[in-house]
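A.B. asks: model this:
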Amino acid sequence: MKYQTTQKEVRNGHALIIKMGCCDMQELLSLIPANAYTCGVYGWNADIYESRRYNACIVTGYRPFGNYTPDRDKIKEYCEYAKTIKSKPMPYGSRQIELEKLMEEFFSYCVQKYYCD
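C.D. replies: Alright, predicted model coming up:
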């Protein structure tokens, strides 16, 4: 169940905030439920997908925010891999677990790029 939060709470609670447009990671995030969302005067702003392991989150939506924006080519690479996972004949639960593993791998990549570059 996702909860409503504020931009300030997200910034205070995460060292790395990965900013993405509304549909940038749709293939990867479509089967993974968001942890939280933000909204404002005009309604829904963004969904937040958290990784407690890396103290990071992905903020994706109409009005995202963050301190790191990944390379477009890398986003495309992860989305292509997510498509291959989704096309495999496997139970829904197994597919969701595979996508969650891929998302953690994406978090790992972003953490390395953010802190090492």
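
A.B. asks: distance from the chain centre to the lowest-mean-pLDDT helix or strand in the chain, please.
C.D. replies: Within the chain, confidence by mean pLDDT, DSSP states H and E is lowest for helix 26-29 among all helices and strands, at a mean of 89. When distances are taken as Cα atoms, centre = their mean, to the nearest Å, helix 26-29 is centred 8 Å away from the chain's centroid.

A.B. asks: need the contact partners of it.
C.D. replies: For helix 26-29, contacts defined as Cβ atoms under 8 Å, 6 or more residues apart in numbering pick out 47, 49, 58, 60, 78-80, 82-83, 86, 99, 102-103, 106. In this view, the C-beta of every residue, glycine as well, is placed from N, C-alpha and C.

A.B. asks: sort out which of those residues are buried, if you could.
C.D. replies: Neighbour-count burial (16 or more other Cβ atoms under 10 Å) applied to the contacts of helix 26-29 gives 47, 49, 58, 60, 78-79, 82, 99, 102-103, 106.

A.B. asks: now, those that are in strands?
C.D. replies: Those of those mapping onto strands are 47, 49, 58, 60, per DSSP state E.

A.B. asks: helices of this structure, residue ranges please.
C.D. replies: 7-13, 26-29, 72-87, 92-116 (DSSP state H).

A.B. asks: deepest of those helices, which one?
C.D. replies: Of those, the one with the most neighbours on average (mean count of other Cβ atoms under 10 Å) is helix 26-29, at a mean of 20.

A.B. asks: that older thread, farthest pair within the contacts of helix 26-29?
C.D. replies: Within the contacts of helix 26-29, Asp47 and Glu80 form the most distant pair, 21.7 Å apart (Cβ to Cβ).

A.B. asks: circling back to that earlier point, export the contacts of helix 26-29 as TSV, with columns for distance to Gln26.
C.D. replies: As requested, these are exported to TSV (distance: Cβ to Cβ, whole Å):
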residue	distance to Gln26
Asp47	11
Tyr49	12
Ile58	12
Thr60	9
Tyr78	11
Cys79	7
Glu80	12
Ala82	9
Lys83	10
Lys86	11
Leu99	12
Leu102	14
Met103	13
Phe106	14
